[in-house]
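>>> make a model of this:
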Amino acid sequence: MKKYSIRIGLVFTLFIVINTFLISNTVSAEVQSPTQAETIYIASVPGTKFNVTEVALEKNTQYEIVFVNVDVGVPHNLVIVKTDTYANSGTIDTVDKISTLGPEPTDFSQPGTEEGRTWSYTWTTPDSDSWVIFACSFVGHYPTMNGYFKIGNPSEDDKPNAPTAGPGFELVVGLIAVLGLAGYRIKRN
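Numbering: from 1, shown residues only. As a prediction, this is how the structure comes out:
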């Protein structure tokens, strides 16, 4: 009976040692694995704008970019533009895109006007200090609805120019809204 007990004891001890070794290596592998991607939320806000215009990100890091359309009744999207193509083209329609979150301006099959509608994209940032532009590509939106991902520590001098609305853009939009409201009131009376 003693020989049997010694064998069981040795097998049990060996089992404990092997499991301890495997568990300690597994824990160490879990600690060294990359962390879950950080989530960045960007939302549309009334006035044809995003809630942020600059987002600081680390180089060569994975992020989940989530776009939320909270502007009820107005379709919006968020286009992440390949570096330099926006500044060189001057228009959002001709740029090379990394991704489009939300409906394309020509795709009316995707609902984009419900409040709280979200789209997401998992993106690994470039491995160099740089600026990446994001914008809404709907006609008339991109002059006021754009921003930058600041990746690493790029120079402000290297920041590309986004298209501007030009003088009086808000005035023209406001005037159109007032005239539309006036037309609505005239029809009601």
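>>> what is the neighbour count of E38?
For E38, the count of nearby residues is 11 (other CB atoms under 10 Å). Where C-beta positions appear, they are placed from N, C-alpha and C, glycine not excepted.
>>> ok, and the closest non-adjacent residue to it?
With CB to CB, 6 or more residues apart in numbering as the criterion, E38 has its nearest non-adjacent residue at 5.5 Å, and that residue is Y63.
>>> in the sheet, who's paired with that neighbour?
E38, W123 (DSSP bridges).
>>> domain ranges for the chain?
1-33, 38-164 (automatic domain parsing).
>>> which one of those has the poorest average confidence?
The weakest mean pLDDT among those belongs to domain 1-33, with a mean of 47.
>>> strands along the protein, start to end?
Assigned by DSSP state E, the strands in the chain fall at 38-45, 49-50, 54-57, 62-69, 78-81, 97-101, 117-124, 130-135, 146-151.
>>> would a markdown table of those with distance to D157 be doable?
Shown next, in a markdown table, are these (distance: least, CB to CB, whole Å):
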| stretch | distance to D157 |
| --- | --- |
| strand 38-45 | 25 |
| strand 49-50 | 24 |
| strand 54-57 | 16 |
| strand 62-69 | 25 |
| strand 78-81 | 19 |
| strand 97-101 | 23 |
| strand 117-124 | 25 |
| strand 130-135 | 10 |
| strand 146-151 | 13 |
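>>> which one of the ones you listed lies nearest to N161?
strand 130-135 (9.4 Å; CB to CB).
>>> and that closest one, what does it pack against?
Counting contacts by 3 or more CB pairs under 8 Å, 6 or more residues apart in numbering; DSSP states H and E, strand 130-135 is packed against strand 78-81, helix 85-89, strand 146-151.
>>> what's the angle from the last one to strand 62-69?
Calculated by axes from the mean of the first three to the mean of the last three CA atoms, to 10 degrees, strand 146-151 forms an angle of 170 degrees with strand 62-69.
>>> neighbouring strands - and their directions - for strand 146-151?
Using DSSP bridges, the strands paired with strand 146-151 are strand 54-57 (parallel), strand 130-135 (antiparallel).
>>> okay, these, which one's buried deepest?
Ranked by mean neighbour count, the strands paired with strand 146-151 are led by strand 130-135 with a mean of 23 (mean count of other CB atoms under 10 Å).
>>> how long is stretch 64-78 end to end?
Start-to-end span of stretch 64-78 (CA to CA, to the nearest Å) is 13 Å.
>>> in that stretch, which residues are buried?
I65, V66, F67, V68, N69, V70, D71, P75, H76, N77, L78 (16 or more other CB atoms under 10 Å).
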